[in-house]
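Give me a model of this one.
(one chain, ligands or ions: 1)
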Amino acid sequence: TGYITYDPGFVNTGATSSAITYIDGEQGVLRYRGYPIEQLAQHSTFLEVSYLLIYGELPTKDQLEQFTSRVNRHTLLHEDLKRFFDGFPRDAHPMPVLSSAVSALSTFYQDSLDPSNIDNVELSTIRLLAKVPTIAAYAYKKSIGQPFLYPDNSLGLVENFLRMTFGLPAEPYEIDPAMVKALDLLFILHADHEQNCSTSTVRLVGSSEANLFASISAGIMALFGPLHGGANSAVLEMLEGIKAEGGDVDTFVNRVKNKEKGVRLMGFGHRVYKNYDPRAKIIKQTADEILSKIAGGDELLDIAKRLEERALSDDYFVERKLYPNVDFYTGLIYRAMGFPTQFFTVLFALGRLPGWIAHWREMMTDPATKIGRPRQIYTGEKQRDYKPLSER
Ligand code: CMC
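Below is the predicted model of the structure:
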């Protein structure tokens, strides 16, 4: 109490302490549990990074094997949950479908409702890591009218997800190792980003002691917006738009600079990175390689490169410290892999999942945690008297 700090968008408000992810926005540094993102991108795997984020240390060989086999054992969805997908229109956006299905996990696993039960939190953690890829794949299958494939637990997490997404029951699915490696890398790069909008949402919802499934379901919806995870789809729509108009990046950049309503350079700018986004740097390095392996080059990649070059040499972007962020090149890679544009943000959610879980768990065990309850500056009417309808 006393006076209230006014900080729209929480630009300067530290809402929590955290030992999970370190970002230095001026220097373009990102570390998970102290490990530089560049090293993890080069040497680690998504499941290993998930373990690191959630439990705080890199796993030993035994720990990783145990963790992997536990996740593998929980990939199946309850048959009744599978029917859930039939309730949505066929052209439903996969993000609300994903969020609804994750929310529904609370009804299938009522043992999850007490967030203070550590064993259940552990089980919910594994269930989420295992089932969210299955849910995501089924959301896709539903949208194209193909049958759902049961997970094949002899496969790794990413292989299994790709098979459930692109495979067919009657045909063996040929796994492309370049695609697996690329998707695993993208998941690593998305795995955590400290107190971003969706993670803060997971924490805020969880601060009321709502369970893990409820909190993550809310986080998925926060990620949905085009200023956050939805940006990866928006980048691709922007590039397609430029291509349709003849590939002229100058005209587009001028529209952005003139602040035409609703026209932003999507995939550029970041609240924290004011130098460059280290994730974008890694993705850019690999985008060419991946795209040539998977699709044999791409016209939109050429537009993206020209757009980036044009923006980086323009005072408008330089003065505002606007650089490409993680989403600038990811959409192109996802597209080359065969994912539809609407699905890109689901892939972001799959990557961010271990980060959300790690933050929720950290919050639950932090003695300083209180229910999140921001204050406000009231700007409405002073007290006034009610008028009967006949006098209004
Ligand atoms: N294109 C054009 N102008 C921009 C952009 C952009 N992408 N981003 C910021 N600006 C301008 C903005 O108009 C403002 O200019 P002025 O001072 O003249 O009003 C100035 O730069 C500061 O912008 P801001 O909106 O106050 O910055 P913010 O920190 O509130 O917003 C952001 C950060 C990421 C929401 C914003 O840069 C943006 O909308 N970018 C495009 C969407 C995007 O790519 N989002 C993905 C973010 S990274 C992945 C993730 O975490 O989800």
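
What parts of the stretch 51-200 of the chain come near the ligand?
193, 196 (Cβ under 6 Å from any ligand atom). The way it works is simple: take the backbone N, C-alpha and C, and place the C-beta from them, glycine included.

closest point of the stretch 51-200 of the chain to the ligand, which residue?
N196 (5.0 Å; Cβ to the nearest ligand atom).

In the stretch 251-392 of the chain, what residue comes closest to the ligand?
G269 (2.3 Å).

How about the contacts made by that residue?
320, 322-323, 325 (Cβ atoms under 8 Å, 6 or more residues apart in numbering).

Out of the residues you listed, which is nearest to A336?
N325 (19.5 Å; Cβ to Cβ).

quick one: contacts for the closest one?
231, 267-270, 273, 277, 279-280.

closest to P177 among the residues you listed?
Ranked by distance to P177 (Cβ to Cβ), the contacts of N325 are led by R279 at 22.5 Å.

what sits up against the helix or strand hosting the closest one?
Applying DSSP states H and E as the criterion places R279 in helix 278-294. Residues outside helix 278-294 that contact it (Cβ under 8 Å, 6+ apart): 28-30, 37-38, 41, 176, 178-179, 182, 185-186, 189-190, 297-298, 301, 323-326, 328-330, 332-333, 336-337.

so how far is the first residue of stretch 2-12 from its last?
The first and last residues of stretch 2-12 sit 19 Å apart, counting by Cα to Cα, to the nearest Å.

Flag every buried residue along stretch 32-41.
32-33, 35, 37-38, 40-41 (16 or more other Cβ atoms under 10 Å).

Give me every residue in the stretch 201-350 of the chain lying close to the ligand.
Looking at the ligand, the residues of the stretch 201-350 of the chain close enough under Cβ under 6 Å from any ligand atom are 227-229, 231, 256, 264-271, 320, 322, 325-327.

related to what we said a few turns ago, if you look at the contacts of G269, which of them are in strands?
Among those, none falls in strands (DSSP state E).

Now a PyMOL select for only the buried ones of those residues.
A single PyMOL command is used to select the members of those judged buried by 16+ other Cβ under 10 Å:
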select buried, resi 322+323+325
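
okay if I get the contacts of G269 as JSON lines plus distance to A101?
Formatted as JSON lines, the contacts of G269 follow (distance: Cβ to Cβ, whole Å):
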{"residue": "R320", "distance to A101": "39"}
{"residue": "L322", "distance to A101": "36"}
{"residue": "Y323", "distance to A101": "35"}
{"residue": "N325", "distance to A101": "28"}
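
For the contacts of G269, name the two members farthest from one another.
R320 and N325 (13.3 Å).

Give me the spatial nearest neighbour of M164, chain neighbours excluded.
Counting by Cβ to Cβ, 6 or more residues apart in numbering, M164 lies nearest to A137, which is 3.6 Å off, once chain neighbours are set aside.

who's in contact with the one you found?
148-149, 161, 164-165.

returning to what we had before: what's the distance between the residue of the stretch 51-200 of the chain closest to the ligand and R306?
From N196 over to R306 the distance is 29 Å, taken as Cβ to Cβ, to the nearest Å.

what about these two, which has more around it?
N196 (23 against 16; other Cβ atoms under 10 Å).

Kindly list the main-chain dihedrals of the more buried one?
phi -70, psi 180 (degrees, to the nearest 10).

Check whether it really touches G229, as I assumed.
No - at 9.2 Å, N196 does not count as touching G229 under the criterion of Cβ atoms under 8 Å.

on that earlier part again, now flag whichever of the contacts of N325 is closest to P388.
A231 (50.2 Å).

Could you give the number of residues near that closest one?
Using other Cβ under 10 Å as the criterion, the residues surrounding A231 number 26.

Roughly how far does the closest residue to it other than its chain neighbours sit from R90?
Nearest non-adjacent residue to A231, counting by Cβ to Cβ, 6+ apart: D327, 4.2 Å away. Distance of D327 to R90, computed by Cβ to Cβ: 27 Å.

and the helix or strand encompassing A104, how far out from the chain's middle?
In this assignment (DSSP H and E), A104 forms part of helix 94-108. Put simply, helix 94-108 sits 16 Å off its chain's centre (Cα atoms, centre = their mean, to the nearest Å).

That one - contacts with which helices or strands?
Judged by 3 or more Cβ pairs under 8 Å, 6 or more residues apart in numbering; DSSP states H and E, the packing partners of helix 94-108 are helix 79-84, helix 118-144, helix 212-223, helix 344-364.
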